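A.B. asks: Please find the sequence and the predicted model below.
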Amino acid sequence: MPSEPDVMTWFPRREDYEEVQVVQLDETYDEKLIRLLETIETSQTNIKEVVDKDFLGLEEKIFRILDLKQDLQELTDLHKELEKGEEASKYAAELKKAKVGLINLQAYMNQVDCIEFATAIKNQFLFQVGAKEGFGPWLAESEKRINNRDDKPKAFEELSTFENNACAFLKEVVKGNKMLQRVQHAAEGIKGNVFVQEEMSKLSERYYVLCKKADQRVKNLQHLMIEWQRLDEILAPTDPKDMDDLQTKQFLVFLKTYALYFS
């Protein structure tokens, strides 16, 4: 799936999505009325797309709304001008149609909020920063660390250090939940973006797996420490060639446990 574009990289122009009406200096009453009706129809199409269509970007929706708000005021003023004109009585049906169109246009305008779209843009930016520059890289590095088994303890004292480091890493992973929550909060503020929701789901799943691995690593090392101590105790006074069956079994348990965690 292609990556999301950077925020506010494209500033839409009105001519990109609408055929702009040209106002003639010597417009007749008929021409003004036709322009009024055609512009109302075009504006209704535009606002319906803003309300109902998901393919429009948030930036374009904001610019369209700002243009439409300006249109609505200009159209309302033009309608009032035409109602006061001497020829108004001959075009009562057309003027009534225009008035109904303006009312419907205002009703659609009431369904949208530029602040809501701007907030979604901000949340999209915060999500991208968190996923690509904050939480995402931290998560990738933590996964690399938890999967690294190149170093192996050669003595009990080294194992104790391993266990302390594993506990410290687990605490660090738990603290990472705060970063995840910030990214998740931003994602929740972006409604209808399938890409963001899928990406957030993947990040959450990876973090959940990391937490389980970090917790299990501590438990594994603590278990190995117990087996190592038990082996040292049972073999303390014994030469390896003189081990009895019980000591041999304990030695095998220790080797299997060690191999399980560091193979």
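C.D. replies: Here it is on my side, so go on. Residues are numbered from 1 along each chain as shown.

A.B. asks: quick one: contacts for the residue sitting nearest the centre point of the chain?
C.D. replies: Closest residue to the average C-alpha location of the chain: Ala187 at 3.2 Å, with C-alpha atoms, centre = their mean. Applying C-beta atoms under 8 Å, 6 or more residues apart in numbering, we find Ala187 in contact with 123, 127, 196-197, 199-200. In this view, the C-beta of every residue, glycine as well, is placed from N, C-alpha and C.

A.B. asks: Distance-wise, check it relative to Tyr208.
C.D. replies: Look at Ala187 and Tyr208: by C-beta to C-beta, to the nearest Å, they are 16 Å apart.

A.B. asks: per-domain residue ranges of this structure.
C.D. replies: 14-112, 116-262 (automatic domain parsing).

A.B. asks: immediately after the helix or strand of the chain with the lowest mean pLDDT, which helix or strand?
C.D. replies: When the helices and strands of the chain are scored by mean pLDDT, DSSP states H and E, helix 14-17 comes last with a mean of 54. Sequence-wise, the next helix or strand downstream of helix 14-17 (DSSP states H and E) is helix 29-52.

A.B. asks: Now do that next one: which elements does it pack against?
C.D. replies: Counting contacts by 3 or more C-beta pairs under 8 Å, 6 or more residues apart in numbering; DSSP states H and E, helix 29-52 packs against helix 58-83, helix 92-109.

A.B. asks: now the angle between helix 29-52 and the last one, please.
C.D. replies: If you take axes from the mean of the first three to the mean of the last three C-alpha atoms, to 10 degrees, helix 92-109 sits at 20 degrees to helix 29-52.

A.B. asks: Tell me what angle helix 92-109 forms with helix 58-83.
C.D. replies: Relative orientation of helix 92-109 versus helix 58-83 (the same axes, to 10 degrees): 150 degrees.

A.B. asks: The chain should start at 29 in everything you say after this.
C.D. replies: Let's use 29 as the start, then, which means that last one is helix 120-137.

A.B. asks: sorry, back to before: please read off the pLDDT at the residue nearest to the centre of the chain from the model.
C.D. replies: Here, the pLDDT recorded for Ala215 equals 88.

A.B. asks: likewise Met271?
C.D. replies: pLDDT, read off for Met271, is 63.

A.B. asks: again, but for Lys240
C.D. replies: 95.

A.B. asks: Over to Phe163?
C.D. replies: pLDDT, Phe163: 91.

A.B. asks: Equivalent analysis for Leu65, please.
C.D. replies: For Leu65, pLDDT reads 91.

A.B. asks: For it, give me its contacts.
C.D. replies: So Leu65 contacts 122, 125-126, 129 (C-beta under 8 Å, 6+ apart).

A.B. asks: Equivalent analysis for Gln257, please.
C.D. replies: Phe184.

A.B. asks: That one and Leu274, how far apart?
C.D. replies: 16 Å.

A.B. asks: now swap in Leu259 and tell me
C.D. replies: 11 Å.

A.B. asks: Appreciated, that's everything.
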